[in-house]
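Novice: Any chance you can model this:
(chains A and B)
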Amino acid sequence: MKTFLHLFVVVFALSLGLPAAAQEAGTDTVPAASVTPTLEDILRRQEGLKVDDSARAELTGQKVDPSAASESPLGTLGGASDSDLWRALRFDDGDITTQSRSPAAGVLVQDSGMAWLQFRQGPLIKYGGYLLLGTIALLAVFFLIRGRIRIDGPITGQKILRFTNWERFGHWMLAGSFIVLGITGLISLMGRKFLIPAFGHEAFSTIAIASKWVHNNISWAFMIALVMIFVMWVVHNLPDRTDLNWILKGGGIFSKGHPPAKKFNAGQKLIFWSVIVFGVSISVSGLSLLFPFEINLFAPTFAKLNALGVPGWFGMAPLPTDLAPHQEMQLSQLWHAIVSFGLMAIILAHIYIGSIGMEGAFDAMGDGEVEVAWAKEHHSIWADEVLSEKAQGKESATPAE
Amino acid sequence: MKVMFTGFAAAILIAVGAYYGLHAIGFSSADTTASPSVRVGGAGPEGSYRP
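Specialist: Got it, this is the predicted structure:
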């Protein structure tokens, strides 16, 4: 009995002492309290709020494991826990191998998806929508104040060729594809918010599938036409001294008389370069979306900007250069949409001035010929050149007597 | 106006051509992201499971 009591005391003492010893031995490997996710962290994450888990991310690969020192035989990995493996997956730092050929297949968890989704469904739709509606409202106000810009001189019916068939073909292919791209792009971006409540999921599904097909495929027409108009018009759109005078006189919009201009005035040159620069930017980001994960634009761009120190100019930390394939796609999508909104606003103004805003302007792209009075008022230098060439042509065509 | 409609028609033709052209040279998402042993979107052999 005495022996049994001794044994009981020893076992009891050991059962109290051993866990304490184990805890002491594991002290070095247990993450600090600031690193361990708290209930507050979990609640914030559930609400989609930002959680600072950079300290946890840094533990990846350091084998920091709450049960690493316990030597417990109860886990699936014996005494070792696989929390470090999960941590590596969580912060996209794991050595993943997969049979899938998709470049993004090795990324099991990536953080930026929610931030992208929230920005896309929130500020992007809101401010993009405001920009387009605001532009339409401004143009309406301008029309009410200024009215239609009329031809001052007498309309004689005499016309000169302003744009050749090829020029108009390129313009209309670009214009037609851009309008279709704009509408289908807005359906893709805003449909979930505005069309599903109006038409229901079934109808929107059909609209969205058709919209995506059209958007993806007609983009090629836009890119081809963009190259066409660049080649045809770049010479006429190089800045020169007449532009400065034109800009100083505000294009003659609110004053009497028209500042002299060549084939394209400074306003049209601005439209041209906006279309080229924004159009190329939209095309490149669009191509990276058309061929997912094949064209990564942002990591190399960010690296170059960091090397130049650009973020520092605005008091910002260096931009991230270690981007997951999904992040590249998300940034491409946002850039694609933001630049497209900008170009759509500019093109709304272009459509206005080329149609109801100015008498005689549509003819230039309609049948290619414009009233001589219109040409002399809006593009006097160009009109004089064309008329003198015409006169010379007539003279040389006159048969010798 | 004839040129305008020709431009629109060309855009539509290019769109249709791009769709069939890209599929013909194996640029569909299914072709680029699945291995040849994976059947994507096919009807499958007779008697195979269809949800």
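
Novice: Please count neighbours and contacts with C-alpha atoms only from this point.
Specialist: Fine.

Novice: longest helix anywhere in chain B?
Specialist: helix B:2-24 (DSSP state H).

Novice: Identify the residue spatially nearest to A:V109, adjacent ones excluded.
Specialist: Nearest non-adjacent residue to A:V109, counting by C-alpha to C-alpha, 6 or more residues apart in numbering or on different chains: A:R90, 5.5 Å away.

Novice: so how many other residues sit close to A:F298?
Specialist: Neighbourhood size, A:F298 [other C-alpha atoms under 10 Å in any protein chain shown]: 21.

Novice: Name all residues that make contact with the nearest residue to it once chain neighbours are set aside.
Specialist: Distances taken as C-alpha to C-alpha, 6+ apart put A:E328 closest to A:F298, at 6.1 Å, once the chain neighbours are dropped. Residues near A:E328 by C-alpha atoms under 8 Å, 6 or more residues apart in numbering or on different chains: A:293, A:296-299.

Novice: A:A391: how many residues sit nearby?
Specialist: Neighbour number of A:A391 under other C-alpha under 10 Å is 12.

Novice: How about the contacts made by B:G21?
Specialist: Contacts of B:G21 by C-alpha under 8 Å, 6+ apart: none found.

Novice: Next one: the residue of the stretch 301-401 of chain A with the smallest separation from chain B from A:S355, what distance?
Specialist: In the stretch 301-401 of chain A, the residue that lies nearest chain B is A:G366 (5.2 Å; C-alpha to the nearest C-alpha). Distance of A:G366 to A:S355, computed by C-alpha to C-alpha, to the nearest Å: 10 Å.

Novice: okay, those two: which has more neighbours?
Specialist: A:G366 (17 against 14).

Novice: separation between the more buried one and A:A349?
Specialist: For A:G366, the distance to A:A349 - C-alpha to C-alpha - is 18 Å.

Novice: Same question for A:P260.
Specialist: Applying C-alpha to C-alpha to A:P260 and A:A349 gives a distance of 22 Å.

Novice: Tell me where the stretch 301-401 of chain A has helices.
Specialist: Counting by DSSP state H, counting those that start in this stretch, the stretch 301-401 of chain A has helices at residues A:310-313, A:325-354, A:361-366, A:372-378, A:380-397.

Novice: Name the stretch among those helices that sits most buried.
Specialist: Comparing the helices of the stretch 301-401 of chain A by mean neighbour count (mean count of other C-alpha atoms under 10 Å in any protein chain shown), helix A:372-378 ranks first with a mean of 22.

Novice: low-scoring pLDDT stretches of the stretch 101-250 of chain A, where are they?
Specialist: A:101 (pLDDT under 70).

Novice: Within range of chain B, give me the residues from it.
Specialist: For the stretch 101-250 of chain A, the contact set with chain B under C-alpha under 8 Å from any C-alpha of the partner chain comprises A:101-102, A:165, A:168-173, A:176-177, A:214, A:217-222.

Novice: what do you get if the cut-off is 7 Å, keeping everything else the same?
Specialist: By C-alpha under 7 Å from any C-alpha of the partner chain, the residues of the stretch 101-250 of chain A that approach chain B are A:101-102, A:165, A:168-170, A:172-173, A:176-177, A:217-218, A:220-221.

Novice: thought A:L343 was touching A:F278?
Specialist: Yes. At 6.4 Å, A:L343 and A:F278 qualify as touching, with contact defined as C-alpha atoms under 7 Å.

Novice: rewinding a little: I'd like to know which of the residues of the stretch 101-250 of chain A next to chain B are buried.
Specialist: The neighbour count (16 or more other C-alpha atoms under 10 Å in any protein chain shown) marks A:102, A:168-170, A:172-173, A:176-177, A:217-218, A:220-221 as buried among these.

Novice: so which of those comes closest to A:L85?
Specialist: A:S102 (22.3 Å; C-alpha to C-alpha).

Novice: coming back round to it: dump the contacts of A:E328 to JSON lines, plus secondary structure, distance to A:F314 and pLDDT.
Specialist: Converted to JSON lines, these look like this (DSSP: H, G, I helix; E, B strand; the rest coil; distance: C-alpha to C-alpha, whole Å; pLDDT from 0 to 100):
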{"residue": "A:F293", "secondary structure": "coil", "distance to A:F314": "30", "pLDDT": "88"}
{"residue": "A:N296", "secondary structure": "coil", "distance to A:F314": "25", "pLDDT": "90"}
{"residue": "A:L297", "secondary structure": "coil", "distance to A:F314": "22", "pLDDT": "93"}
{"residue": "A:F298", "secondary structure": "helix", "distance to A:F314": "19", "pLDDT": "94"}
{"residue": "A:A299", "secondary structure": "helix", "distance to A:F314": "19", "pLDDT": "93"}
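
Novice: Of those, which is the most crowded?
Specialist: Counting by other C-alpha under 10 Å, top hit in those: A:F298 with 21 neighbours.

Novice: and it, how far is that from chain B?
Specialist: From A:F298 across to chain B, the span is 22 Å (C-alpha to the nearest C-alpha, to the nearest Å).

Novice: for A:G191, same thing?
Specialist: Taking C-alpha to the nearest C-alpha, one finds A:G191 at 22 Å from chain B.

Novice: How about A:F264?
Specialist: In terms of C-alpha to the nearest C-alpha, A:F264 sits 20 Å off from chain B.

Novice: any idea of the pLDDT on the closest residue to A:F293 other than its chain neighbours?
Specialist: Take A:F293 and drop its neighbours on the chain: the residue closest to it by C-alpha to C-alpha, 6+ apart is A:P325, 5.9 Å away. In the prediction, the pLDDT value recorded for A:P325 is 89.
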